[in-house]
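> how would this look folded up:
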Amino acid sequence: MSEGNESDALPQIDFATFVMSLSHSALVHLGDEPHPDTNAVEANLALAKQNIDILGLLDEKTKGNLTGAEERLLAQVLFDLRMRFVERSKAAAK
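Numbers count the residues shown, from 1 in each chain. Below you'll find the predicted structure:
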């Protein structure tokens with residue numbers, strides 16, 4: 001497969017796609033989704049926290065510069081990931 005064909009298959013990057021990409025990475029690291037390369041489900045809470053923190057930083061730095069839909073998407077993703085992280089952290093501490 002040529003490089004041109006690979007890039008044609010990738011979705012156009014916009015803010016929502018970027019947020020969803022970071023969210024999916026966090027879900028993989030939380031152990032909620034299989035790794036795309038290995039199909040293995042493994043939790044790595046440190047990497048999950050890093051992705052969640054990146055989304056939090058993005059939220060902080062883009063205040064006032066997003067559309068309503070973008071703000072809602074980012075807020076919803078952050079809430080969901082933070083709740084999942086708390087649940088996984090509690091389970092790991094037991």
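> wait, doesn't D32 sit right on M83?
No. Counting by C-beta atoms under 8 Å, D32 sits too far from M83 to count as a contact (11.6 Å). Backbone N, C-alpha and C define where each C-beta goes, glycine included.
> Please identify which of the two sits among more neighbours.
When D32 is set against M83 and neighbours are counted by other C-beta atoms under 10 Å, the residue ahead is D32, at 15 against 10.
> Got phi/psi on the more buried one?
When read as degrees, to the nearest 10, the backbone of D32 gives phi -90, psi -20.
> mind checking the SS state of the residue nearest the centre of the chain?
In the chain, the C-alpha nearest the mean C-alpha coordinate belongs to S23, at 1.3 Å (C-alpha atoms, centre = their mean). Three-state assignment for S23 (DSSP: H, G, I helix; E, B strand; the rest coil): helix.
> and it, how far is that from A69?
Using C-beta to C-beta, to the nearest Å, we find S23 at a distance of 15 Å from A69.
> Same check on P11?
P11 sits 17 Å away from A69, going by C-beta to C-beta.
> pLDDT weak spots in this structure?
Residue ranges of the chain with pLDDT under 70: 1-8.
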